[in-house]
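A.B. asks: Here is a sequence together with a model predicted from it:
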Amino acid sequence: MSLSEAVALGLTEDEYGLIVERLGREPNQVELAMFSLMWSEHCAYKHSKKLLRTLPVEGPRLVLGPGENAGAVDVGEGWAVAFKVESHNHPSAVEPFQGAATGVGGILRDVFAIGARPIAVLDSLRFGEPTSERSRYLLDHAVAGIGHYGNSIGVANIGGEVYFEGPYEQNCLVNAMCVGLVRRERLIRSAAAGVGNKLVLFGASTGRDGIGGASVLASAELGDADADKRPTVQIGDPFEEKKLLECSLELLDRGLLVALQDLGAAGLTSSSSEMASKGEVGVEIDVRRVPLREPGMEPFEIMVSESQERMLCVCEPEQVDAVLEVCARWDVGGTVIGEIIAEREMRILDGGEVVGRIPVEALVDDCPLYDLAPAPPAQPLYPAPPATIEPGLGVRETLLALLASPNLSSRRPLFEQYDCLVGSRTVRRPEQADAAVLAMPTGGGIAVAIDGNGRRVAADPYRGAVEAVLECAANLACAGGEPLGLTNCLNFGNPEKPHIAWQLAEAVRGLADACRALDVPVVGGNVSLYNEGGEGPIYPTPVVGMVGELPDPLHAGRSGFALEGDAIAIAGPFRPSLAGSELAKLRGEPLPDGLPDVDVAAVRDAQRAIRDFVRAGKLSSAHDVAEGGLLVAVAEACLAGGLGATLELGDADEAQLFGEGPGGFVVSGSQAALRELGERIEVRVIGRVDPGDLDVTVGGEELEITLDALRHAHGALAELFA
Amino acid sequence: MKFGVLQFPGSCDDRDAVQACGRVGEAVLLWHGDRDLQGADAIVVPGGFSYGDYLRAGAIARFSPVMESVIEFANDGGLVLGICNGFQVLTEAGLLPGALLPNTELRFVCRQVDLEVVDGDTAFTNLCADGEILSIPAKHQTGRYYAPDLDPDLVVLRYATGHCFNGSQDDIAGVRNARGNVFGLMPHPEHAVDPLTGSVDGLRIFESMAAHVGAAHVAV
Amino acid sequence: MPRVQVLIRPKAGILDPQGKAVERALPALGFAGVQNVHVGRLVELDVDDVSQVEAMCERLLANTLIEDYEIQS
């Protein structure tokens, strides 16, 4: 093999030089294929690893931190909740149904690879404006794919978010989060151990899925005419994964395994080498023993195939028969393909012949990590969004326009395509509360949410990222949940460009500071870079998933007004501004240069107070003020509860009605309860819950907006699916 | 009262059914490969995607060894409840009339629906009154009921007006066989048994089954 | 070993929303003059005894309440 092949595979000249140096010779075909994947950005995190090390990863409830397939936190009585979020952006842009489906499949495997039974998924999606046929197509098929996979495998989809912004037109984002449940003593790690122990591959057979880019290495016989033999798209089979899941959990239940790892990006190469690296051992694999779906696959293809629904485990030789018996019973092919060796190398055989030999360290640990060279952009990176409303609209028309806008209208046509009930744990379904709530076997519960923001992070990467963390924690608080851990997916453009590097560095700094302020450790996550094309980069988009605990799920919070006569208040250190708001976007305003400062400690205190009052049953409803500002939040609470409201807003200006920023909560309850809350945090009573319409008195005008009008506007997204 | 809940490769709501039945009596999982019904007084064929819904929903599951025993059990008068995919399996097996087709809108829908009890006098609805409304969630993509020349006496549950999202003929949600011992419905009563997670209207179906079996024992 | 193809079609008279969806989508792509679209299934098999295929259709491959089948070899 030579430099030109290496470069065709995405390695730099210098990286190739390093490889030659580590091996003491030039790599052969199999070795080069393995290096090209393990040293890719996707597998090695070359441009982000140093930054990620600045995130806080310690916490009293942390059971498993970053570095394993998923992280986990303690939820009491010997139970742990595992969770992680991952991206599948590029495949979804190519084939949205399968890309999104296999994204779900991949994150599910990460969770059951540590021994946890997946109990929920959430998804965060971003596309271009829905005026684009392509974006509507991507949304429609991505949602269908997520539904298809999650529903078929029987894991409840309990929450998510969807946003439409121009910069995602060429590069959509599909981030999938999975939550799992496990007994602490059942958690298994991926470090391979025990020289002489056997490597067993089980699950689906291996084909040419995902090889695409590595096809330059093919022998001359398979040329261009056979391009369709090497699909770049992975095809998922949830039925196969369901069997794989049950088989894996039974193997762990019976104590038959030493280690377990799922096969994701870079297939057999990454899973076996990572297992070897963690265990400080080596592995020998005979590709001839791998069950194949396609005839005539070359060793390098077998090593880098990304065929779905496969797992790799390590077991003692005496246990092999028992392991294969469990696999047979679940009808998932199990095959011994290799073993653990003392030499710390990856030894790849084809029958009797050695076809590849790489020191484990060289493959896994020696990939160079790059320092970013961040520099703030010299000029605006993103065009102003197109205006979609006329100037000079009154309060009523503005409210209805916001509710009907793509980023705010009800996601019901989407989430109804997901089974949110399987597992019988769902205490709060989508649109019932600001966070999903699941019952735990302890009698307690967990609250789960996923939140990100691209546009505001583009306006101010540091503060925008802080806001994303605060937003997620606020959603948990409204349900009564206290954050236990956070997982994040960082979706950014090309980090080799200084202005993108700046976005990334500032956003990670914001994430780190916010996590420290809230005392929430990062349990793991994912990075997706190079999300840009001819039209420019995506908005910098950190997506945050949080799991929080909730001692009494029966009294979990609700977002909708519940009781006629309840007082309604805006609580917390809410300092709204129109800068970077949805209203500013609808008006076609360019992104602001920076966002207002946030008193993170005050926001944190407000979240705690809301959480305490929700838990104590002192609030009928609690809803975080987010996109669209106060009036939109009130309208949403009316719709969720099926009740109207009468508001007295004095001479509130546009910023106060529709401006955004962290720290605001629309709550309802008795006057006494709100007075008590007011002793802890800022509380301003603005009205009361009334049957009938939403009546707003502001600026001397009295507006009557029927619930039907609100509902009609809020249902605008359904038209996209007509 | 002992419920036997079948488990096929791909069943999803099997454990949910066991949990729900467990509130009323004893509940065990019956593996698709075993013919032994373990002395169950009633069989529940649960929801999910048995065999990945390959070929047609329920088409492969109906031939499993456990289903051979269930067919015999039904022919002997034993109670059999089919929920969602279970309903599909029972129509494929010929234990219930009709067939389930893809929803008219072709999408999977998960939604709480109101069901009207058309017949409160069956082994599965004896604790309900005719005309009573039960709030129970439905979640499926292939739930459009089709049965040409169906005897109207066999209709047990209907979706309340405006609540049918799948295009079923006459808004039919659940039917029984002529003998009355086999009942299938697309909505999921096992997901309406716990106030923590929603309505408890589904519990009545399992309780009715237990009441029926109990009365039968007393009669003997 | 002869190769047989079984075409399985939705029975006439039963609403075929998949067929309708395709029929609606084609004009939007610029294809006019398309009617009567139906979407079915193809099962291909190599069989020793072709005379058994009809029984396979009756028992498993098609649900004859809602589907018609056509065997081609």
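C.D. replies: Happy to help now that I have it. Predicted model only: the values in this text are computed from it and were never measured.
A.B. asks: got a list of what the residue most central in space within chain A touches?
C.D. replies: In chain A, the C-alpha nearest the mean C-alpha coordinate belongs to residue A:85, at 3.4 Å (CA atoms, centre = their mean). Applying CB atoms under 8 Å, 6 or more residues apart in numbering or on different chains to residue A:85 gives the contacts A:107, A:124, A:175-177, A:450, A:487-489, A:525-526, A:543, A:545. Just so you know, the C-beta spots here come from the backbone N, C-alpha and C atoms, and that holds for glycine as well.
A.B. asks: Closest one of those to residue A:274?
C.D. replies: Residue A:274 lies nearest to residue A:526 out of those, by CB to CB, at 15.0 Å.
A.B. asks: so the closest one sits right up against residue A:86, yeah?
C.D. replies: Yes. Between residue A:526 and residue A:86 there is a contact under CB atoms under 8 Å: 4.4 Å.
A.B. asks: Find the residues that touch each one of these two.
C.D. replies: Residues within reach of residue A:526 and of residue A:86 at once, by CB under 8 Å, 6+ apart, are A:175, A:489.
A.B. asks: For chain C, just list every one of the helices.
C.D. replies: Remark: helices assigned in chain C by DSSP state H are C:17-28, C:53-56.
A.B. asks: and the first one with chain A, contact?
C.D. replies: No. Figure legend: helix C:17-28 not in contact with chain A (CB under 8 Å from any CB of the partner chain); closest approach 9.6 Å.
A.B. asks: Quick one: the contacts of residue A:85 as a markdown table, columns for neighbour count and secondary structure too.
C.D. replies: As requested, the contacts of residue A:85 are exported to a markdown table (neighbours: other CB atoms under 10 Å in any protein chain shown; DSSP: H, G, I helix; E, B strand; the rest coil):
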| residue | neighbour count | secondary structure |
| --- | --- | --- |
| A:107 | 30 | helix |
| A:124 | 25 | strand |
| A:175 | 31 | strand |
| A:176 | 34 | strand |
| A:177 | 30 | strand |
| A:450 | 26 | strand |
| A:487 | 25 | strand |
| A:488 | 30 | strand |
| A:489 | 25 | strand |
| A:525 | 25 | strand |
| A:526 | 23 | strand |
| A:543 | 29 | strand |
| A:545 | 28 | strand |
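A.B. asks: can you tell me which of those are up against chain C?
C.D. replies: Answer for the contacts of residue A:85 near chain C: none qualify (CB under 8 Å from any CB).
A.B. asks: would JSON lines of the helices of chain C with distance to residue A:658 and mean pLDDT be doable?
C.D. replies: Listed next are the helices of chain C as JSON lines, based on distance: least, CB to CB, whole Å; pLDDT from 0 to 100:
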{"stretch": "helix C:17-28", "distance to residue A:658": "37", "mean pLDDT": "90"}
{"stretch": "helix C:53-56", "distance to residue A:658": "64", "mean pLDDT": "96"}
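A.B. asks: looking at those, which is buried most?
C.D. replies: Ranked by mean neighbour count, the helices of chain C are led by helix C:53-56 with a mean of 15 (mean count of other CB atoms under 10 Å in any protein chain shown).
A.B. asks: and for that one, what are the contacting residues?
C.D. replies: Counting by CB under 8 Å, 6+ apart, residues outside helix C:53-56 touching it are C:4, C:6, C:45, C:47, C:71.
A.B. asks: Highest neighbour count among those?
C.D. replies: Among the contacts of helix C:53-56, residue C:6 has the most neighbours (other CB atoms under 10 Å in any protein chain shown), with 20 neighbours.
A.B. asks: okay, that one: pLDDT?
C.D. replies: Here the pLDDT value assigned to residue C:6 is 97.
A.B. asks: wait, what's in contact with it?
C.D. replies: C:42-45, C:53, C:56-57, C:61-62, C:69-72.
A.B. asks: Can you tell me the closest non-neighbouring residue to it?
C.D. replies: Spatial nearest neighbour of residue C:6, chain neighbours left out: residue C:43 (4.4 Å); criterion: CB to CB, 6 or more residues apart in numbering or on different chains.
A.B. asks: my guess is that neighbour meets residue C:70, correct?
C.D. replies: No. If you go by CB under 8 Å, residue C:43 and residue C:70 don't touch, sitting 11.0 Å apart.
A.B. asks: Looking at those two, which is more packed in?
C.D. replies: Per other CB under 10 Å, whichever of residue C:43 and residue C:70 has more neighbours is residue C:43, with 18 against 12.
A.B. asks: so does the longest helix seen in chain B get close to chain A?
C.D. replies: Across chain B, the longest stretch assigned as helix under DSSP H is helix B:203-219. No. Applying CB under 8 Å from any CB, one finds helix B:203-219 out of contact with chain A, separated by at least 12.7 Å.
A.B. asks: and that helix, what does it pack onto?
C.D. replies: helix B:14-21, strand B:79-83 (3 or more CB pairs under 8 Å, 6 or more residues apart in numbering or on different chains; DSSP states H and E).
A.B. asks: What are the contacting residues of that helix?
C.D. replies: Outside helix B:203-219, the residues touching it (CB under 8 Å, 6+ apart) are B:1, B:3, B:20-21, B:23-25, B:41-42, B:79, B:81, B:122-128, B:134, B:189-190, B:192-193.
A.B. asks: Tell me where chain B has helices.
C.D. replies: Under DSSP H, chain B gives helices at B:14-21, B:65-75, B:85-92, B:203-219.
A.B. asks: what's the angle between the last one and helix B:14-21?
C.D. replies: Computed with axes from the mean of the first three to the mean of the last three CA atoms, to 10 degrees, the direction of helix B:203-219 lies at 60 degrees from that of helix B:14-21.
A.B. asks: Tell me what the residue nearest to residue C:65 when sequence neighbours are not counted is bridged to.
C.D. replies: The shortest distance from residue C:65 to any non-neighbouring residue, by CB to CB, 6+ apart, is to residue B:99 (4.9 Å). Counting by DSSP bridges, residue B:99 forms beta bridges with residue B:146.
A.B. asks: How much space separates residue A:273 from residue A:299?
C.D. replies: 15 Å (CB to CB, to the nearest Å).
A.B. asks: swap in residue A:432?
C.D. replies: From residue A:432 to residue A:299 the distance is 53 Å (CB to CB).
A.B. asks: Of those two, which one has the most company?
C.D. replies: For residue A:432 versus residue A:299, neighbours defined as other CB under 10 Å are more numerous around residue A:299 (23 against 19).
A.B. asks: hang on, that one packs against residue A:356?
C.D. replies: Yes. Using CB under 8 Å, residue A:299 makes contact with residue A:356 at a distance of 7.1 Å.
A.B. asks: intersection of neighbour lists for the two?
C.D. replies: A:30, A:348.
A.B. asks: What parts of chain B come near chain A?
C.D. replies: Checking chain B against chain A by CB under 8 Å from any CB, the hits are B:9-13, B:15-16, B:19-20, B:48-49, B:51-54, B:107-111, B:137, B:139, B:141, B:188, B:190-191, B:194-198.
A.B. asks: and the angle from the helix or strand bottoming out on mean pLDDT in chain B to strand B:79-83?
C.D. replies: Across the helices and strands of chain B, mean confidence by mean pLDDT, DSSP states H and E is lowest for helix B:203-219: a mean of 92. Interaxial angle, helix B:203-219 versus strand B:79-83 (the same axes, to 10 degrees): 170 degrees.
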